[in-house]
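>>> Return atomic coordinates for the entry below.
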Amino acid sequence: MASLNPSTSVLGARKAKHFLWLACFNYLKSTLNYLATFNPSQAVTTDKEIKIASNLNVLNT
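Purely as a prediction, here's the structure:
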């Protein structure tokens, strides 16, 4: 059975890829490698920042 305790370990490439897939946006391999070094709470915060930045870039073009 899965633990309900929050994970504090680094995501790694497999979990980071799954996280990005669940977040429903296209990503670069560099973004995957970047998020793979974070723990889950850091990845969520960074994901929000990436989405905001990508939305700003779309609006500025």
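>>> Can you give me the neighbour number for residue 35?
Other residues within reach of residue 35 by the criterion other Cβ atoms under 10 Å amount to 25. Placement of C-beta: from N, CA and C, glycine included.
>>> So which residues make contact with the helix or strand hosting residue 16?
Under the criterion DSSP states H and E, the helix or strand holding residue 16 is helix 12-22. Identification of contacts with helix 12-22 by Cβ atoms under 8 Å, 6 or more residues apart in numbering yields 11, 27, 31-33, 35-36, 38, 40, 43, 47.
>>> Drop anything exposed from the residues you listed.
Under a neighbour-count criterion of 16 or more other Cβ atoms under 10 Å, the subset of the contacts of helix 12-22 counted as buried comprises 11, 27, 31, 35-36, 38, 40, 43, 47.
>>> Reformat those residues into TSV and put secondary structure and pLDDT next to each item.
Formatted as TSV, the buried ones among the contacts of helix 12-22 follow (DSSP: H, G, I helix; E, B strand; the rest coil; pLDDT from 0 to 100):
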residue	secondary structure	pLDDT
11	coil	87
27	coil	75
31	helix	79
35	helix	83
36	coil	87
38	coil	88
40	helix	85
43	helix	82
47	helix	71
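>>> can you put these in TSV and add distance to residue 5?
Shown next, in TSV, are these (distance: Cβ to Cβ, whole Å):
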residue	distance to residue 5
11	16
27	28
31	27
35	21
36	21
38	18
40	12
43	17
47	21
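>>> lowest confidence element among the helices and strands of this structure?
The weakest-scoring helix or strand in the chain, judged by mean pLDDT, DSSP states H and E, is helix 40-60 (a mean of 68).
>>> returning to that earlier point: what mean pLDDT would you report for the helix holding residue 16?
With pLDDT averaged residue by residue, helix 12-22 scores 85.
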